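Trainee: 3D, please:
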Amino acid sequence: MNTPIRVLISDDMAPPRESVAIALDAAGFVTDTARSGAETLERLREGGYDVLVTDIWMPEMDGISLIKTLPTEFPGLRIMAMTGGGPDMTIETALSLAEIWGAERVFIKPFEEARLIEAILAGAA
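Mentor: The predicted structure follows:
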């Protein structure tokens, strides 16, 4: 029997966080959520996650800073990023930075969750 893929979803805004969690749960993934970069790190340290889906624009610790810290501490963790834009840089710059620092894919909100599910499954094969 295959072990389900465990996904942590990090977003400070409840609607996208919950929407992604519902879609991934329906697709058979096991999901947890976090509301900040700091909470995300706490959950990751508890262990057992295969994939992180993180927003780029969050208060205190943004997604770019979070993504930068992950390869050393969590070398096998797959990272997907999402953004709807923010105050300090263009969406294009945010996308480029997320990819440079290790995000496999970056999705611009709003996006079809089916695309995220496909990306997660493609990397698990």
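Trainee: Am I right that residue 31 sits in a helix?
Mentor: No - counting by DSSP: H, G, I helix; E, B strand; the rest coil, residue 31 falls outside a helix, being strand.
Trainee: can I assume residue 44 is in contact with residue 8?
Mentor: Yes - at 6.6 Å, residue 44 and residue 8 qualify as touching, with contact defined as Cβ atoms under 8 Å. For glycine as for every other residue, the C-beta is placed from the backbone atoms N, C-alpha and C.
Trainee: Identify the contacts common to these two.
Mentor: Common neighbours of residue 44 and residue 8 (criterion: Cβ atoms under 8 Å, 6 or more residues apart in numbering): residue 52.
Trainee: Tell me how far the helix or strand harbouring residue 94 lies from the chain's centre.
Mentor: Per DSSP states H and E: residue 94 is located in helix 91-100. Put simply, helix 91-100 sits 14 Å off its chain's centre (Cα atoms, centre = their mean, to the nearest Å).
Trainee: Likewise for stretch 105-115?
Mentor: Using Cα atoms, centre = their mean, the offset of stretch 105-115 from its chain centre is 11 Å.
Trainee: now do the same end-to-end measure for it.
Mentor: In stretch 105-115, first residue to last residue: 10 Å (Cα to Cα, to the nearest Å).
Trainee: Next, the buried residues of it.
Mentor: Neighbour counts over stretch 105-115 (16 or more other Cβ atoms under 10 Å) mark 105-107, 109, 113 as buried.
Trainee: repeat for stretch 90-104
Mentor: For stretch 90-104, the neighbour count (16+ other Cβ under 10 Å) marks 91, 94-95, 97-98, 101, 103 as buried.
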